[in-house]
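**Q** model this:
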Amino acid sequence: MDPIRIAIVGIGKIARDQHVPAIRGNSAFSLAATVSPHDAGLDGVPHHASLDDLLAQGPAVDAIALCTPPQVRYDLATQALKKGIHLFLEKPPGATLAEVEALKAQADKVGVSLFAAWHSRFAAGVAPARAWLAERRIDKVSIVWREDVRVWHPGQAWIWQPGGLGVFDPGINALSIVTHILPRPFFLKDATLVLPENRAAPIAADLAFRDTAGASIHMDLDWRQTGPQSWDIVVDTDAGTLKLSHGGAVLTLPSGTDHGEDVEYAGLYARFATLIRGGRSDVDTSPLRLVADAFLRGTRETTEAFHD
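**A** Below you'll find the predicted structure:
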């Protein structure tokens, strides 16, 4: 089969660090173009300042990876879907649940593939963790996702604005893992969101969930961490404790620890190619739904102003 001609819309850090190497490392794809109004693009790859320009002037593309902030993604996605172009949505897949559901309906109508790409689900430890937990009784879950926003998101004003999710931008990665590995659904019971007085999105959050069998799930999110960073999920079961650390890359079971290879984005693009070849979509909104519930039900507390 001919390679799938793909364009990247939004050529920032995540696109350069993850998407470009993954696309170039997968023979199912060829990187046909990039789009950004703020960046010169990549050497040797056609570049346009807008999606309008790409669609009007070419080169022709079969698929687009949308790596823009979520607040502007819906209009771009709709524009591509009208042209019959397959879509890869960076996480979170949209600024609202309703937007994502609308995009799924549009993709189904025109017969193209839509992929809500939860990259952390492809971390090395996640699949074996899911398999191990499938046969266990879950007693308790603890999620600690603490990082320094100044290190990981410097100068990204959009992330503090409505639809940018604040600390849930990294926190949704944890939720994408937990919704995937736990054998039963879970739902929010209580939430406290901490917002800087000069920002519209939270810098920290404390959440309590419960699964359908009554097991408690506690989540601690904080963007004010200094020193060592924490991306850990601990699950207590009837057969001992499971721990996923380093964002899902390292799995520790009672039998020992496995340090896996970083294959997240390679896995995403392998999945996207399979979806396109099979004429299917993969749009799981459960992580975003839990975040929306936290904003809907959460108690808000104000803290001091945040400055980069």
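**Q** where's A65 relative to I8, distance?
**A** Distance of A65 to I8, computed by CB to CB, to the nearest Å: 5 Å. Placement of C-beta: from N, CA and C, glycine included.
**Q** Need the overlap of contacts for these two.
**A** A15, H19, I23 (CB atoms under 8 Å, 6 or more residues apart in numbering).
**Q** mind listing the helices for the protein?
**A** Applying DSSP state H to the chain gives helices spanning 13-14, 20-24, 51-57, 73-82, 97-110, 126-133, 149-152, 168-181, 264-278, 286-297.
**Q** What ranges does the stretch 151-300 of the chain have for its strands?
**A** 186-196, 204-211, 216-222, 230-237, 240-245, 250-253, 256-259, 299-303 (DSSP state E, counting those that start in this stretch).
**Q** want to throw those into JSON lines with distance to Q106, mean pLDDT and mean neighbour count?
**A** Below are these laid out as JSON lines (distance: least, CB to CB, whole Å; pLDDT from 0 to 100; neighbours: other CB atoms under 10 Å):
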{"stretch": "strand 186-196", "distance to Q106": "29", "mean pLDDT": "98", "mean neighbour count": "18"}
{"stretch": "strand 204-211", "distance to Q106": "31", "mean pLDDT": "98", "mean neighbour count": "20"}
{"stretch": "strand 216-222", "distance to Q106": "32", "mean pLDDT": "98", "mean neighbour count": "20"}
{"stretch": "strand 230-237", "distance to Q106": "34", "mean pLDDT": "98", "mean neighbour count": "20"}
{"stretch": "strand 240-245", "distance to Q106": "35", "mean pLDDT": "97", "mean neighbour count": "18"}
{"stretch": "strand 250-253", "distance to Q106": "38", "mean pLDDT": "97", "mean neighbour count": "19"}
{"stretch": "strand 256-259", "distance to Q106": "41", "mean pLDDT": "85", "mean neighbour count": "11"}
{"stretch": "strand 299-303", "distance to Q106": "34", "mean pLDDT": "96", "mean neighbour count": "12"}
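**Q** quick one: which of those is nearest S281?
**A** Proximity to S281 (CB to CB) singles out strand 186-196 among the strands of the stretch 151-300 of the chain, at 24.5 Å.
**Q** The closest one to helix 286-297, inter-axis angle?
**A** Interaxial angle, strand 186-196 versus helix 286-297 (axes from the mean of the first three to the mean of the last three CA atoms, to 10 degrees): 60 degrees.
**Q** What is strand 186-196 packed up against?
**A** strand 204-211, helix 286-297, strand 299-303 (3 or more CB pairs under 8 Å, 6 or more residues apart in numbering; DSSP states H and E).
**Q** Give me the residues contacting it.
**A** Here strand 186-196 makes contact (CB under 8 Å, 6+ apart) with 160, 166, 178-179, 201-212, 215, 217, 290, 293-295, 297-306.
**Q** For the residue nearest to L31 when sequence neighbours are not counted, give me its contacts.
**A** Excluding its sequence neighbours, the residue lying closest to L31 (CB to CB, 6 or more residues apart in numbering) is I23, at 5.0 Å. Residues in contact with I23, defined by CB under 8 Å, 6+ apart, are I6, I8, F29, L31, A65, Y269.
**Q** mind running it again at 7 Å?
**A** Each residue near I23 by CB atoms under 7 Å, 6 or more residues apart in numbering is listed here: I6, F29, L31, Y269.
**Q** Repeat that for R150.
**A** Residues near R150 by CB under 7 Å, 6+ apart: D308.
**Q** The one 5 residues further on too?
**A** The neighbourhood of G155, defined by CB under 7 Å, 6+ apart, consists of D308.
**Q** I'd like the helices and strands packed on strand 186-196 as a markdown table, with distance to L244 appended.
**A** Output for these, formatted as a markdown table (distance: least, CB to CB, whole Å):
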| stretch | distance to L244 |
| --- | --- |
| strand 204-211 | 17 |
| helix 286-297 | 15 |
| strand 299-303 | 28 |
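**Q** Any chance of CSV for the strands of the stretch 151-300 of the chain, columns distance to P69?
**A** Formatted as CSV, the strands of the stretch 151-300 of the chain follow (distance: least, CB to CB, whole Å):
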stretch, distance to P69
strand 186-196, 19
strand 204-211, 20
strand 216-222, 19
strand 230-237, 22
strand 240-245, 28
strand 250-253, 30
strand 256-259, 33
strand 299-303, 23
